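Asker: Compute the structure for the input listed below.
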Amino acid sequence: MSHSSPAAVPAPDSARPAVVLDIWCELQCPDCRTALADLRALRERYGDRLEPRLRHFPLEKHRHAFAAAQAAEEAAAQGRGWPYVEAVLARVEELDRGGEPFLVEVARELGLDAEEFDTALIDGRHILIVDADQAEGKAIGVTGTPTYVIGGERLDGGKSQEGLRERVEEIADRLLAGQG
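Answerer: Okay, the predicted model is just below:
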């Protein structure tokens with residue numbers, strides 16, 4: 001896909017590329033639920049100038065995390081990725097107890113095609129995306145969740161969330177200022 005414009009006119013603010021914030025997350029992780037408040041605050045502050053991207057890093061200690069990552073991808077395929085992620089994280093304890101039937105139930109509650117969720121979890125259509133995220137995370141040194149990557153800097157929220165949002169804001173402000 002090529003984006004050629006007839007004249008080199010400076011792009012208006014809205015055409016500037018958003019700063020990407022990769023969030024390595026696991027849907028059975030209570031710390032990731034805590035991180036949602038930070039994510040909401042960042043969305044409020046930056047709007048579409050910041051693009052939060054969910055990256056999957058299911059941990060082996062959580063037996064439903066891999067299925068939850070696949071379910072999040074199915075929700076994204078159906079156009080409701082973040083609402084689904086937030087709904088599941090808000091009920092981590094239910095995921096612990098309920099497993100895959102709970103993941104399908106959340107989809108149904110959000111008005112998504114629950115049958116398609118069920119099928120996606122059976123046929124594994126999203127496994128490659130989850131595997132690729134996990135491999136990339138390991139390659140860049142992600143060891144726990146949540147971990148943020150912005151402007152090439154890795155911020156580990158798995159140990160402590162203290163001061164993380166402020167650090168993300170500092171980096172985002174610097175990157176956005178550098179675009180001007």
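
Asker: So the residue nearest the centre of the chain, which state does it fall into?
Answerer: Compute the mean C-alpha point of the chain, and by CA atoms, centre = their mean the closest residue is Leu54, 1.7 Å away. At Leu54, secondary structure determined by DSSP: H, G, I helix; E, B strand; the rest coil is strand.

Asker: mind listing the strands in the protein by residue range?
Answerer: With DSSP state E as the criterion, the chain has strands at 19-25, 50-56, 147-150, 153-156.

Asker: Dump those strands to JSON lines, plus distance to Ala135 and mean pLDDT.
Answerer: Heads up, the C-betas are built off the backbone N, CA and C, glycines and all. Output for the strands of the chain, formatted as JSON lines (distance: least, CB to CB, whole Å; pLDDT from 0 to 100):
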{"stretch": "strand 19-25", "distance to Ala135": "12", "mean pLDDT": "94"}
{"stretch": "strand 50-56", "distance to Ala135": "10", "mean pLDDT": "94"}
{"stretch": "strand 147-150", "distance to Ala135": "15", "mean pLDDT": "94"}
{"stretch": "strand 153-156", "distance to Ala135": "16", "mean pLDDT": "90"}
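
Asker: of those strands, which approaches Asp131 most closely?
Answerer: Minimum separation from Asp131 across those (CB to CB) falls at strand 50-56, 8.7 Å.

Asker: and that closest one, how far from the chain's centre?
Answerer: Strand 50-56 has its C-alpha centroid displaced from the chain centroid by 4 Å (CA atoms, centre = their mean, to the nearest Å).
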